[in-house]
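Engineer: Build me a model from this:
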Amino acid sequence: MKRRTFILILLTALTFLLTSCWDRREINDMAFVIATGFDKGSEPGTIVSSVQVPLISAMGGAGSSGGGGGTSGASPYFVDGAEGRNVRESNMNLQQRMSRNLYFAHRRVVVIGEDLAKAGMKEILNLILIEPQSRLSTFLLMSKGKASEMLNTPSQFEKLPGEAIREMAKNSIGVNANDVLQEMQSPGLEPIIPVVEKGSTHIKTETSSKMLMNRFAVLKDDKVRFTTNEEESGGVLWIRNKMRDKSITFPYKNEGEISLKIIQGNMRKKMKMVRGRPSFTITVNTTGILMENEPYVNLEHAESYQKMIQEFEKAVKKQITALLKHAHAEGSDVVGFGYYLYRNHNRSWEKEWQKDWRERLKDLEVTVNVEGDIQRMTNIGLKSKE
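Structural biologist: Numbering: from 1, shown residues only. Prediction:
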């Protein structure tokens with residue numbers, strides 16, 4: 001009898017250790033957020049949060065079409081937004097209009113509107129950092145105009161605009177929230193993020209607006225200072241060592257354009273003291289493949305080959321110099337010269353340079369050296385000139 005009583009008490013006690021489904025979440029009750037956009041609200045101090053949610057019933061299966069379309073022509077995604085005094089409140093206001101619970105663990109893209117990015121994005125970054133469902137690997141971008149409009153811009157290759165933005169960000173400089181947070185916390189180093197915007201197409205299609213990602217936003221602290229032009233954008237790719245598999249085009253003796261595909265590109269920097277002040281030298285080693293030869297230059301001739309190399313190096317140097325000149329004028333250290341001093345000459349950095357480093361940038365002496373090479377060519381063309 002005692003044995004039976006003991007076994008009964010033991011089994012009763014073990015039931016408290018059994019797991020259960022008290023906190024379960026059904027998939028049908030969740031709205032999986034793929035991309036989020038943040039814009040300045042209509043009132044001062046307010047933020048508009050927008051989400052892009054895929055509509056599973058409108059994706060794939062019989063009757064579905066290509067990217068940007070769904071079953072019976074229905075859109076395969078849903079975009080909605082709400083305004084609040086902070087991000088949390090705007091998300092709560094948005095949730096009140098949703099029949100499903102917003103779930104952010106699968107979010108891959110965060111797009112910040114231009115106006116909000118210029119005012120400061122610290123609150124957005126802080127939310128990504130402390131929100132349990134957020135991933136630090138989420139790509140971070142700035143939109144030209146409103147972020148909510150970018151989330152509604154269709155893509156011909158992807159069903160979801162958020163997925164198209166993610167793929168384009170990967171092929172750019174691939175900056176995620178973790179990268180930006182680390183660079184913001186690094187003394188003497190400022191973040192750079194890609195810019196996504198609407199671009200028109202020369203071919204008549206159902207939608208004239210297409211996504212375009214060929215520029216970058218340069219930050220100072222948590223605020224965007226300026227957006228790069230075409231030449232400065234090339235400089236961003238060089239200093240971030242992201243030029244591989246991309247192309248550069250430059251003129252040759254006013255006879256035509258030369259296009260090279262970059263297969264190797266690496267930047268390194270060195271520092272020396274000149275009259276008691278730090279001076280830097282940037283050296284870029286790069287190799288390209290000749291893809292387009294409008295002047296029909298014969299690279300088998302040493303003189304023509306050397307001339308093309310010189311023009312190649314000149315074009316690379318011009319892109320980097322243009323970026324540095326603009327960034328340093330804005331007080332933004334995009335290369336990380338200050339971070340180099342912080343790590344390698346910490347005592348002098350903290351004692352002499354840190355307090356007014358952004359002002360020193362304007363007069364910082366930087367020498368850009370480029371060592372280029374053309375490894376091979378695809379085709380010299382129909383004819384060749386010496």
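
Engineer: Please enumerate the strands of the stretch 201-350 of the chain.
Structural biologist: 209-220, 223-227, 247-251, 257-274, 277-293 (DSSP state E, counting those that start in this stretch).

Engineer: list the buried ones in stretch 222-235?
Structural biologist: For stretch 222-235, burial by neighbour count (16 or more other Cβ atoms under 10 Å) applies to 222, 224-228, 232-235. Where you see a C-beta, it was placed from the backbone N, CA and C, and this is true even at glycine.

Engineer: Let me see the residues that make contact with stretch 46-56.
Structural biologist: For stretch 46-56, contacts defined as Cβ atoms under 8 Å, 6 or more residues apart in numbering pick out 31-41, 70, 74-87, 90-91, 94, 102, 116, 123, 147-148, 151, 159-162.

Engineer: Just the buried ones among those residues, please.
Structural biologist: 31-41, 70, 75-77, 79, 81-84, 87, 90-91, 94, 102, 116, 147-148, 151, 159-162.

Engineer: show me where pLDDT drops low in the chain?
Structural biologist: 1, 18-24, 58-73, 201-209, 376-386 (pLDDT under 70).

Engineer: Pretty sure Q95 sits against Y103.
Structural biologist: No - counting by Cβ atoms under 8 Å, Q95 stays clear of Y103, with 10.9 Å between them.

Engineer: Direction included, what does whatever helix or strand V110 lives in pair up with?
Structural biologist: Assigned by DSSP states H and E, V110 belongs to strand 109-113. Strand pairing for strand 109-113, using DSSP bridges, gives strand 35-40 (parallel), strand 139-143 (parallel).

Engineer: What about the buried ones among the contacts of stretch 46-56, which are in strands?
Structural biologist: Per DSSP state E, strands hold the following members of the buried ones among the contacts of stretch 46-56: 31-32, 35-40, 77, 79, 81-84, 102.

Engineer: Looking at the strands of the stretch 201-350 of the chain, spot the one closest to L8.
Structural biologist: strand 209-220 (66.8 Å; Cβ to Cβ).

Engineer: tell me the domain boundaries of this protein?
Structural biologist: 28-227, 230-386 (automatic domain parsing).

Engineer: With distance to I9 added, can I get those in JSON lines?
Structural biologist: Shown next, in JSON lines, are the domains of the chain (distance: least, Cβ to Cβ, whole Å):
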{"stretch": "domain 28-227", "distance to I9": "39"}
{"stretch": "domain 230-386", "distance to I9": "64"}
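
Engineer: quick one: which of these is nearest L17?
Structural biologist: Nearest to L17, of all these, is domain 28-227, at 25.8 Å by Cβ to Cβ.

Engineer: Could you work out the end-to-end span of the closest one for me?
Structural biologist: With Cα to Cα, to the nearest Å as the measure, domain 28-227 spans 42 Å from end to end.

Engineer: distance between that domain and the chain's centre?
Structural biologist: Centre-to-centre, domain 28-227 and its host chain are 12 Å apart (Cα atoms, centre = their mean, to the nearest Å).
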